[in-house]
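Engineer: Curious how this folds, go ahead:
(chains A and B)
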Amino acid sequence: QKEVEQNSGPLSVPEGAIASLNCTYSDRGSQSFFWYRQYSGKSPELIMFIYSNGDKEDGRFTAQLNKASQYVSLLIRDSQPSDSATYLCAVNDYKLSFGAGTTVTVRA
Amino acid sequence: DAGVIQSPRHEVTEMGQEVTLRCKPISGHDYLFWYRQTMMRGLELLIYFNNNVPIDDSGMPEDRFSAKMPNASFSTLKIQPSEPRDSAVYFCASKQDGGDRTDTQYFGPGTRLTVL
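Structural biologist: All right, here's what the predicted structure looks like:
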């Protein structure tokens, strides 16, 4: 089993809708979790991190963490065409273990 | 701040040749990471350094790969001899250890390597 699993996608959503991305991890001792966005041909860039159970909001993005279920998600509200990218979930233990990524396409 | 700098941005070489990828981390960052990204395997950590010392090289695929960090502002990843299956995008990333579990890694633009 891979350390970090993401729903495979691709995910296509209409403009203005909510995009929901899911991620599970295998190491119950993992402490912090990151969501990176990667545009085609570019490097990953951090969107947000979370380390406490519950929700964390930053603009149109909300990360949700449930350590008991070993589950972390990312919601993108009011999706825009500029949100079209691959979203990488990562689990931190001084080194990041990345999921395979979910490609999101926002249809105008 | 210039961010993480990588060179070259693109490299095309023939099988059997030596390839050297270079990275300059963000000034003041004490961790440096080398990643490889392919469609098949995603983003994989190859090796990381702390204060110029290699800490974990378990991701280095085989002896053909080697990495060095002679000082705080420079690192190299070398492949000798290169093979077509080494074709990938290689990213360098750095971070500052603030003792915070939410330390953020900053990625360079990557080097796209093609081995013919």
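
Engineer: burial measure for the residue nearest to B:T104 when sequence neighbours are not counted, as a count.
Structural biologist: Using Cβ to Cβ, 6 or more residues apart in numbering or on different chains and skipping residues adjacent in sequence, the residue nearest B:T104 is A:L46, 5.4 Å away. Just so you know, the C-beta spots here come from the backbone N, C-alpha and C atoms, and that holds for glycine as well. Residues lying near A:L46 (other Cβ atoms under 10 Å in any protein chain shown) number 16.

Engineer: Are we agreed that A:L46 is in a helix?
Structural biologist: No. Counting by DSSP: H, G, I helix; E, B strand; the rest coil, A:L46 is not part of a helix but strand.

Engineer: quick one: contacts for it?
Structural biologist: Shown in contact with A:L46 (Cβ atoms under 8 Å, 6 or more residues apart in numbering or on different chains): A:34-36, B:104-106.

Engineer: Could you give the bridge partners of it?
Structural biologist: Beta-bridge partners recorded for A:L46 (DSSP bridges): A:Y36.

Engineer: List the neighbouring strands of the helix or strand of chain A with the lowest mean pLDDT plus their orientation.
Structural biologist: Across the helices and strands of chain A, mean pLDDT, DSSP states H and E gives its lowest value to strand A:96-98, namely a mean of 88. When pairing is defined by DSSP bridges, strand A:96-98 lines up against strand A:85-92 (antiparallel).

Engineer: Please tell me how far stretch A:43-54 is from the chain's geometric centre.
Structural biologist: Distance of stretch A:43-54 from its chain centroid, counting by Cα atoms, centre = their mean, to the nearest Å, is 8 Å.

Engineer: And the contacts of the helix or strand that B:V89 is a member of?
Structural biologist: Assessed by DSSP states H and E, B:V89 sits inside strand B:88-95. Outside strand B:88-95, the residues within contact range by Cβ under 8 Å, 6+ apart are A:43-44, B:4, B:6, B:21, B:23, B:25-26, B:29-38, B:43, B:75, B:77, B:103-108, B:110-113.
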